[in-house]
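> sharing a model prediction with you, sequence too.
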Amino acid sequence: MIGSPFRLDGKKILITGASSGIGRATAIECSKLGASLCITGRNENRLIETLGLLQKNGHHMITADLTIDDQIDQIVKLTEFLDGVVLCSGKGMMLPTRFITTDKLTDILETNFLYPVELLRRLLKKKKIKDNASIVAVSSMGGTHFYTIGNGGYGASKAALDSYMKFCARELAPKGIRVNTVLPAMIETPLIH
């Protein structure tokens, strides 16, 4: 990939949810392309495994749960100035509408939408994201294109994330910061089990 326009040499990228699934795969690929990574996730042992799979040195990890306010602050504090952010933390929930309680809906909305957005807000407020950076949020086709029975809570959380990122894209465009969501369909990861 020498000379590829997709090289990330010299770029510093924060990836949340890097302890498994799409977050782990994203971290591995970004390291292959030359990026220096800060990876985060709740499970320290799996995060260490991810760190061991990355190419080159210069990567570091922060064990953190985005649903804990102080741990969001810790990520912001320990993060260098960033060329990229990948918001990939999340969880699934399959429940028919009649079984989705307020507590369960709040939990899925906080995990998949509110706390990733809050991390982004704090990174921007502390000016940790450079001009001309790139922000990518991992949403889901299940929030905007496929309406499967029992997937309403999960879909709503991902639709909210997708919508919010469109507003961020407009707001941050004058600084050259690109904001996008990727919407994978169902992928064989621990999340779907």
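Perfect, thanks for sending it.
> low pLDDT regions in this protein?
1-4, 141-143, 145-146, 150, 184, 186-193 (pLDDT under 70).
> 50 instead, please
1 (pLDDT under 50).
> what about the strands in the chain?
Taking DSSP state E as the criterion, the chain contains strands spanning 12-15, 36-41, 60-63, 82-87, 129-138, 178-182.
> could these go into TSV alongside distance to residue 115 and mean neighbour count?
All C-beta atoms are positioned from the backbone trio N, CA, C, and that covers glycine. Formatted as TSV, the strands of the chain follow (distance: least, C-beta to C-beta, whole Å; neighbours: other C-beta atoms under 10 Å):
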stretch	distance to residue 115	mean neighbour count
strand 12-15	14	25
strand 36-41	12	26
strand 60-63	15	18
strand 82-87	10	22
strand 129-138	12	19
strand 178-182	16	17
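> so how far is residue 63 from the closest residue to residue 28 other than its chain neighbours?
Of all residues not flanking residue 28 in the chain, residue 53 sits nearest, at 5.4 Å (C-beta to C-beta, 6 or more residues apart in numbering). Separation of residue 53 from residue 63 (C-beta to C-beta, to the nearest Å): 16 Å.
> so who does the residue of the chain most remote from its centre touch?
Within the chain, the residue lying farthest from the chain centre (C-alpha atoms, centre = their mean) is residue 98, at 29.6 Å. For residue 98, no residue meets the contact criterion (C-beta atoms under 8 Å, 6 or more residues apart in numbering).
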